Structure formats: structure tokens, C-alpha cells
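Novice: Coordinates for the following, if possible.
(one chain, ligands or ions: 2)
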Amino acid sequence: MNKSKEEIAEDSNVSSNFIHSIIDEYVEANPNNKIHTRFPPEPNGYLHIGHAKAICIDFGTAQKYNGLCNLRFDDTNPTKEDVEYVESIKEDVKWLGFDWGDRLYYASNYFDKFYDYAVKLIKKGKAYVDDLNAEQIREYRGTLTEPGKNSPHRDRSVEENLDLFERMKKGEFPDGSRVLRAKMDMASPNLNMRDPVIYRISHASHHNTGDKWCIYPMYDYAHPLEDAIEGITHSLCTLEFEDHRPLYDWVLRECEVENPPRQIEFARLNVTNMVTSKRKLKAFVDDAVVDGWDDPRMPTISGLRRRGYTPEAIRDFCDRVGVAKADSMVDIALLEHCLRDDLKLKASRVMAVLDPIKVVITNYPEGQVEYLEVENNQESPEMGSREVPFSRILYIDREDFMENPPKKYFRLFPGNEVRFKNAYFVKCNEVIKDENGEIVELHCTYDPETKSGSGFTGRKVKGTIHWVSAQHAIDAEVRLYDYLLVEDEENEGEMKLNSESLKVQKAKLEPALGEAKSGDKFQFIRHGYFSVDTKDTTKEKLVFNRTVSLKSSWKK
Ligand code: ATP
Ligand code: MG
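Specialist: Ligands and ions are numbered 1, 2, ... in the order given. Down below sits the predicted model:
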């Protein structure tokens, strides 16, 4: 379901209250406690737009209450995790504008504590070593309509459990041969409570602990303890963990932690035309569908950054989407709208010709150059102005000329006069073609009386087009993007990869852009917002990404 702007606004009112009102009550009851949250990514991929929302909620909530937010790598799964991801996540959180101070933590640093708590559970008769394999465990688990069955190993003595668990730790058993399970209730209507596995054997090296461990804790067991160890007061997570909350609370209660944190769930962010699953994004990277995690078409934070998104735009988007309690699909147009809104007053507006045709102003003196003063952004006068050279040979965009135009075409065509932006009225007199009938240049004349700013009122023209002086133009590669995913006409409701998500053009830019630095952002008049590519731009080659077009395609 796509939401309208009004619905989204409403959600954000309701829901920013929902986490905050829980915390307000807590603050009233515990006036001396600092609110403490955490953002707990698993370093098994790059962060995406969905994580940006979680980051804004976790750090934003702490900010609102003058509290603290930790960055914690939830690195309890050795096989999928990598330091490359750790570094990218740190960079992304910082770039979004959040600060974890000196509170950067790794769940893997708590492995000893998790182990001690597990021993405690065994001693209390609350955990046991099971010899069933994964398939048998699944069979014994039952279904939503049928209760599960107790494992034949469920009633092992505490001594035997302690011995087996220690030997699991020492590496005496192969992967998958035994697990440690919490002793809860095999008849619970909540399947998560049917004696969940809390430790498994995996003889795998860990990026932080190396080969020290060959047993690793499961998420549902480790996460509440991580929160408790760090003194988290409110553990904010996505809705799929709602059914795991009784388990979260069970672990804290049975481990007898002081000041147990409280888990609160909010809706995941889903955005039309965007994938928000690290697993799927990783497949795009591995299958070379895209040029890495930071490909400007990727919904990763690094991809959005390279595309030209600003942290302000992403934070504004997350704010407007709000914190809802029900999953929904947000139109990507809202994200684009936030971006335009942010760049509107920040980006200089310049002239760029993406698909050039040559124009010769036949009555303009050869060798003459005029420097026209142009405001950088009419809506931000403080951004000053620059000089744009005008000369006899110019480029205009192919789409601004038609030899046989339909009615109401107000741009250039034979016999028509238009304004060349910030310059003169120019009239097209002749179309020059090559032997194949392709247009190679247009011969035009200008009227010196009509210079912009001269107050000329003699006659009016209906069209204004942008242009670039040929001898001064800067060459650039311009990359125009479409969504990576589009609707699949053959399978209703399904998305498919867009085979036309990238179009590359050889553009001619006004000379001021020769000074552009990596990551600089501009509005190319009529073409949209563009950002200097941070990866492929070199001294010899300037590459621009189209960040976003100028118009929204907001769907109602
Ligand atoms: P993925 O499904 O992409 O693998 P994940 O939930 O496994 O994501 P984690 O690294 O575990 O990724 O996520 C860190 C935090 O970000 C978690 O608290 C998670 O709930 C939150 N998060 C992940 N995806 C979204 C999303 N689409 N919207 C909001 N929060 C999200
Ligand atoms: Mg996860």
C-alpha cells in the first residue's frame, strides 16, 4: 500500500508519541536514570536506507532525552561478517550526523559473559544440551496448531549438561551435533518460546575473536544480554522482533540482570523501487548487477551518498516517514522530494548540455567573447554570481530544437526566436545536415539589442533555452539513472531488475564546472541535480551523477 503525504504526516504524529510516551513514563518513574539506546548492526553488509531510519530513531531518541546511544556491532555470527563492513558502517553513521562518542562496542567482546550466563541458566535447570540435529529439532517443535514434543535429552541432569556444554566449548564435537537450548515451554502458543536454541557449534574463525570460540550464541539469547551489559534502557528494534519479546524478557529475568532493558518495536521502512535487505543487496554486488555496494543506484547509504544525497535530506525523510507501528510502503518520491527540498537553496544553478548540437551565431563577430554575469541561485542571493562566456559557436541540447515542431513547441525551430538564457534573443535561420541527413549544426542570428538585463521590451519570445560556449566548454561524462527495480508488467505486483537503469552521456558544461570538486552538487538547469562522482572522477575525466531530476512523480 502506498501512503499519501497526509497519511504519512499523521503516522508520524501518532507514532513519534508511541515510543516517546513509553519513555516519558519511564522518565517519570526513574527521574535519575539516563535514557540509553543503541544501534546494533550486524557487520554482514553495508547499511541501507532502512538502517538510516533505525539510526535516526535510536540516536534521535537518545538526543531528545539528553541520553546516550551506543554503536554496537552485533557480530555473533562468524561466517558472514567482515571488517570491511565494520568500517563502512562507522563511516555511514558518522556521515548521517550521529556520534557514538567513545561507546563503540562489539558483541563479540562479551562472549565470556554470555558463556557465564549460559552456565548460570544450566545450573538453574533453565538450559540443556540437546543432541537432536536441526531437522529433528524442527520436527519436535510442532506447528502453530500443534504443540511441540519434549526432546528426549530435555531432562538431563545439571551435571551432565555442564559437562557437555564445557566440552562443546572445548571443541570436542562437530558442527551441528549438539546445541544448548533454553528450557521454556514446548507447548507455548508462541513458537519462539518452544525451547529455542541459544548456542550452536561452529568451528569458524571470527573477525574479532579468531579461533578462541567454536560455540556461538544465537541472536535471541545474545541481544538482551548485550543490551543489559551496556546498561541500555530502551532497545528499539523492528516489528519482526515483537514475537521474540517474551524470549528477550525471559533471558533477562532468568539471568537475573539488574535494571533489565525494555524492547520496543517499530515498523520497518520499505520504499518503493528499493530493496531493503542486505542479503539481496549483497547478491546484486556478488552478481555484478551493480558496480559495488556504493553504486549510485543502490539504496545503501554509501550508494545514496555517492549519488549526491545529503545527510540532511535523508534525516528529513526519516522524520517525515515517522515511527509507525504497522509496516507500510513509502513512495520513493517522498525521498526524492526531501532531497530537492534540501538542494534547492544550496546548489548553484548552472548550464549543462547533455546531448549537444552546435549552434553558429552567424552575425556574432568571430573571436569575440562576452562574459555575462549570472546569479548562482536566484533563490539564494548570498550564493553570489559567476561569469559565463558567450561566443559565436555554442552548444544547445538536441531536445531544444525541432525541425518540424508540433503546435505549442516554444523552443528553437527554423524561423523561430527564443531567449538564450542570461544572454540574447536568438533566431534559427538554417539547418545544416550531413550526407546522412543528420543535423550537424544550426545557423542562427542574435539581436544585440536584447541582452539580458538591458530592459529590452521591443518584442517577446516564448521559450528560454540553456547553452554553453563551445570553445570554453568542459567535457564531462554524465550518468543518468533510473530505478534499479521497476514493476514487472508480466507479473503483477512483482518487481524486476531494470535493464535501463544507467545511461551515459558525453556532455558539454559551462566552464565554471571545471573547478568542481569530488562530491560537489549543482543544479543543471532543466536537467536536475548532479553531483561530481567521488569514485571515477580523475584529473583527466570529470564524471557527474544525476542525483535526482527536477520534477517529482508523486503517486497519489
Ligand atoms: P537486513 O534485513 O537488511 O539484513 P537486518 O535487520 O538483518 O537487515 P541489522 O544489521 O540486524 O540488519 O540491523 C540493525 C538495525 O537496523 C536493527 O535494529 C534493525 O531492526 C534495523 N533495521 C534493519 N532494516 C530496517 C528497515 N528496513 N527499517 C528500519 N529499521 C531497520
Ligand atoms: Mg538482523
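
Novice: Where does pLDDT dip in this protein?
Specialist: Across the chain, the ranges flagged by pLDDT under 70 are 1-17, 552-556.

Novice: Quick check, the residue in the stretch 1-150 of the chain closest to ligand 1?
Specialist: When scored by Cβ to the nearest ligand atom, the stretch 1-150 of the chain has Gly50 as its residue closest to ligand 1, at 2.2 Å. In this view, the C-beta of every residue, glycine as well, is placed from N, C-alpha and C.

Novice: Spatially nearest residue to the residue of the stretch 101-250 of the chain found nearest ligand 1, not counting backbone neighbours?
Specialist: When scored by Cβ to the nearest ligand atom, the stretch 101-250 of the chain has Thr238 as its residue closest to ligand 1, at 3.6 Å. Excluding its sequence neighbours, the residue lying closest to Thr238 (Cβ to Cβ, 6 or more residues apart in numbering) is Arg268, at 4.6 Å.

Novice: Around ligand 1, which positions in the stretch 151-300 of the chain sit nearby?
Specialist: The stretch 151-300 of the chain comes close to ligand 1 at residues Cys237, Thr238, Arg268, Leu269, Thr276, Ser277, Lys278, Arg279, as judged by Cβ under 6 Å from any ligand atom.

Novice: would you list those in CSV and tack on neighbour count and secondary structure?
Specialist: Formatted as CSV, those follow (neighbours: other Cβ atoms under 10 Å; DSSP: H, G, I helix; E, B strand; the rest coil):
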residue, neighbour count, secondary structure
Cys237, 22, strand
Thr238, 16, strand
Arg268, 16, coil
Leu269, 25, strand
Thr276, 18, coil
Ser277, 12, coil
Lys278, 21, helix
Arg279, 10, helix
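
Novice: Let me see the contact set for His466.
Specialist: Met351, Ala352, Val353, Ile396, Asp397, Asp400, Phe420, Lys421, Ile525, Arg526 (Cβ atoms under 8 Å, 6 or more residues apart in numbering).

Novice: Can you pick out the most distant pair from these?
Specialist: Ala352 and Phe420 (14.5 Å; Cβ to Cβ).

Novice: what about the strands in the stretch 1-150 of the chain?
Specialist: For the stretch 1-150 of the chain, the strands defined by DSSP state E, counting those that start in this stretch occupy 36-39, 68-73, 104-106, 127-130.

Novice: buried ones in the first one?
Specialist: Meaning strand 36-39. Neighbour-count burial for strand 36-39, counted by 16 or more other Cβ atoms under 10 Å, picks out His36, Thr37, Arg38, Phe39.

Novice: any chance of these in JSON lines, with distance to ligand 1 too?
Specialist: Listed next are the buried residues of strand 36-39 as JSON lines, based on distance: Cβ to the nearest ligand atom, whole Å:
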{"residue": "His36", "distance to ligand 1": "15"}
{"residue": "Thr37", "distance to ligand 1": "10"}
{"residue": "Arg38", "distance to ligand 1": "9"}
{"residue": "Phe39", "distance to ligand 1": "6"}
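
Novice: Of those, which is the nearest to Lys170?
Specialist: Arg38 (32.0 Å).

Novice: Excluding chain neighbours, what is closest to that closest one?
Specialist: Arg38 sits nearest to Asn70 (Cβ to Cβ, 6+ apart), 4.1 Å away.

Novice: which other residues reach stretch 173-181?
Specialist: Under Cβ under 8 Å, 6+ apart, the answer for stretch 173-181 is 118, 122, 127-134, 137, 151, 164-165, 167-168, 195-203, 215.

Novice: again, only this time at 7 Å
Specialist: Stretch 173-181 is contacted from outside by 118, 127-131, 133-134, 164-165, 167-168, 195-203, using Cβ atoms under 7 Å, 6 or more residues apart in numbering.

Novice: Any of those residues buried? List them.
Specialist: 118, 127-130, 164-165, 168, 195-202.

Novice: Show me how the record splits the protein into domains.
Specialist: 5-109+221-336, 112-216, 348-473 (automatic domain parsing).

Novice: And Ile201, how far from Asp24?
Specialist: Computed as Cβ to Cβ, to the nearest Å, the Ile201 to Asp24 distance reads 45 Å.

Novice: Show me what the closest residue to Met495 other than its chain neighbours is bridged to.
Specialist: Using Cβ to Cβ, 6+ apart and skipping residues adjacent in sequence, the residue nearest Met495 is Leu485, 4.4 Å away. The partner list for Leu485 in beta bridges (DSSP bridges) reads Leu497.

Novice: what do you get for Val359?
Specialist: Counting by DSSP bridges, the residues bridging with Val359 are Leu394, Leu442.

Novice: What about the closest residue in space to Asn259 that isn't next to it in sequence, how many residues nearby?
Specialist: In this structure, Asn259 finds its nearest non-sequential neighbour in Gly231, 7.2 Å apart by Cβ to Cβ, 6+ apart. For Gly231, the count of nearby residues is 15 (other Cβ atoms under 10 Å).

Novice: what about the residue nearest to Met495, how many residues close to it?
Specialist: The tally of other residues near Leu485 (other Cβ under 10 Å) stands at 21.

Novice: follow-up on the earlier one: with distance to Ser499 added, can I get the strands of the stretch 1-150 of the chain in a markdown table?
Specialist: Listed next are the strands of the stretch 1-150 of the chain as a markdown table, based on distance: least, Cβ to Cβ, whole Å:
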| stretch | distance to Ser499 |
| --- | --- |
| strand 36-39 | 36 |
| strand 68-73 | 37 |
| strand 104-106 | 41 |
| strand 127-130 | 49 |
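
Novice: Wait, the residue nearest to Arg38 touches Arg103, no?
Specialist: Yes - counting by Cβ atoms under 7 Å, Arg103 is a contact partner of Asn70 at 4.3 Å.

Novice: Quick check: end-to-end length of stretch 24-38?
Specialist: 18 Å (Cα to Cα, to the nearest Å).

Novice: Buried ones in it, by neighbour count?
Specialist: Tyr26, Val27, Ile35, His36, Thr37, Arg38.

Novice: which residues of the stretch 251-400 of the chain fall in helices?
Specialist: For the stretch 251-400 of the chain, the helices defined by DSSP state H, counting those that start in this stretch cover 278-286, 301-307, 311-321, 332-343.

Novice: Would you point to the one among these that's packed deepest?
Specialist: helix 301-307 (a mean of 24; mean count of other Cβ atoms under 10 Å).

Novice: I'd like to know which elements that one is packed against.
Specialist: On a contact count with 3 or more Cβ pairs under 7 Å, 6 or more residues apart in numbering; DSSP states H and E, helix 301-307 meets helix 83-95, strand 543-548.

Novice: Is that helix in proximity to ligand 1?
Specialist: No - with Cβ under 6 Å from any ligand atom as the criterion, ligand 1 is not reached by helix 301-307; the gap is at least 11.8 Å.

Novice: give the contact list for the nearest residue to Gly171 once chain neighbours are set aside.
Specialist: In space, and not counting its chain neighbours, Gly171 is closest to Cys214: 4.7 Å by Cβ to Cβ, 6+ apart. Cys214 is in contact with Gly171, Ile201, Ser202, His203, counting by Cβ under 7 Å, 6+ apart.

Novice: hmm, try it at 10 Å
Specialist: Shown in contact with Cys214 (Cβ atoms under 10 Å, 6 or more residues apart in numbering): 78, 168-175, 200-206.

Novice: do the same with Leu71
Specialist: Residues in contact with Leu71 (Cβ under 10 Å, 6+ apart) are 38-41, 55, 58-59, 89-90, 93-94, 98-101, 103-106.

Novice: Could you find the closest non-adjacent residue to it?
Specialist: Leu71 sits nearest to Trp100 (Cβ to Cβ, 6+ apart), 3.9 Å away.

Novice: and Tyr115, how many residues sit next to it?
Specialist: 17.

Novice: Pretty sure it sits against Leu162.
Specialist: No - look at Tyr115 against Leu162 with Cβ atoms under 10 Å: they stay out of range, at 11.8 Å.
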